[in-house]
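1. sequence first, predicted model second:
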Amino acid sequence: RKEVEQDPGPFNVPEGATVAFNCTYSNSASQSFFWYRQDCRKEPKLLMSVYSSGNEDGRFTAQLNRASQYISLLIRDSKLSDSATYLCVVKISASKIIFGSGTRLSIRP
Amino acid sequence: NAGVMQNPRHLVRRRGQEARLRCSPMKGHSHVYWYRQLPEEGLKFMVYLQKENIIDESGMPKERFSAEFPKEGPSILRIQQVVRGDSAAYFCASSPGRDQQNEQFFGPGTRLTVL
């Protein structure tokens, strides 16, 4: 079993739709969680950290469920510019940071 | 306030040559991470360094690969006697410290092509 697992997608949704991704992790000692986005042939960029109480940033909402060991990302009112690969990142320690393989999202007009 | 810088952005080498990839972290960041990404795959951790120290190199291949982060100058990822399988994007990331909440900020990557 992979330490961090994501549905690779692709998710193909119309503009304006709401879309959600989950990411599961296997190490219960995981401390910090992040979502990054990566555009084709570009570097990953931090989208948001994920806090235990859940957090929201505009159209994006991230949640953490420690009991079930998953994090989620919800995108509301999706835009064409949201098309990217979304990477789930789990930090177990300063030197042990695991990236998921990513979920591809494609927003169609 | 420059971000993480990497150079070269593109590097072409023939089999058997050496590749040197450079990474300058963000100002004030003392922790550097190197990752490799193969086409259509996720990022794979290679090595974690602080100034003059290798903290974790568990993701580095045992042979041909080495990394350093000297007191002065950028971090260097060195690949000796490159093979076609080394072709990938190599990303460097930096963070300010060991705090668990510290995010990583990535450089634009170096795309290595081995002919």
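-> Perfect, thanks for sending it.
2. what helices or strands is the helix or strand of chain A with the lowest mean pLDDT leaning on?
-> When the helices and strands of chain A are compared on mean pLDDT, DSSP states H and E, strand A:97-99 comes out lowest with a mean of 89. Using 3 or more C-beta pairs under 8 Å, 6 or more residues apart in numbering or on different chains; DSSP states H and E, the elements in contact with strand A:97-99 are strand A:84-91, strand B:43-50. C-beta here means a position set from N, CA and C on the backbone, and glycine is covered the same way.
3. how about a cut-off of 10 Å?
-> Applying 3 or more C-beta pairs under 10 Å, 6 or more residues apart in numbering or on different chains; DSSP states H and E, one finds that strand A:97-99 makes contact with strand A:4-6, strand A:32-38, strand A:84-91, strand B:31-37, strand B:43-50.
4. can I get those in JSON lines with mean neighbour count?
-> Output for these, formatted as JSON lines (neighbours: other C-beta atoms under 10 Å in any protein chain shown):
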{"stretch": "strand A:4-6", "mean neighbour count": "20"}
{"stretch": "strand A:32-38", "mean neighbour count": "22"}
{"stretch": "strand A:84-91", "mean neighbour count": "24"}
{"stretch": "strand B:31-37", "mean neighbour count": "24"}
{"stretch": "strand B:43-50", "mean neighbour count": "21"}
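5. now the ones you listed in a markdown table, with distance to residue A:12?
-> As requested, the helices and strands packed on strand A:97-99 are exported to a markdown table (distance: least, C-beta to C-beta, whole Å):
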| stretch | distance to residue A:12 |
| --- | --- |
| strand A:4-6 | 16 |
| strand A:32-38 | 17 |
| strand A:84-91 | 13 |
| strand B:31-37 | 23 |
| strand B:43-50 | 24 |
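6. which one of the ones you listed lies closest to residue B:3?
-> strand B:31-37 (13.3 Å; C-beta to C-beta).
7. pull the number of nearby residues for residue A:100.
-> Residues within reach of residue A:100, counting by other C-beta atoms under 10 Å in any protein chain shown, total 27.
8. go on, the one 4 residues further on?
-> If you count neighbours by other C-beta under 10 Å, residue A:104 ends up with 19.
9. which non-adjacent residue is nearest the residue nearest the centre of chain B?
-> Nearest to the geometric centre of chain B sits residue B:34, at 3.4 Å (C-alpha atoms, centre = their mean). Once flanking residues are discounted, residue B:34 sits nearest to residue B:46: 4.4 Å by C-beta to C-beta, 6 or more residues apart in numbering or on different chains.
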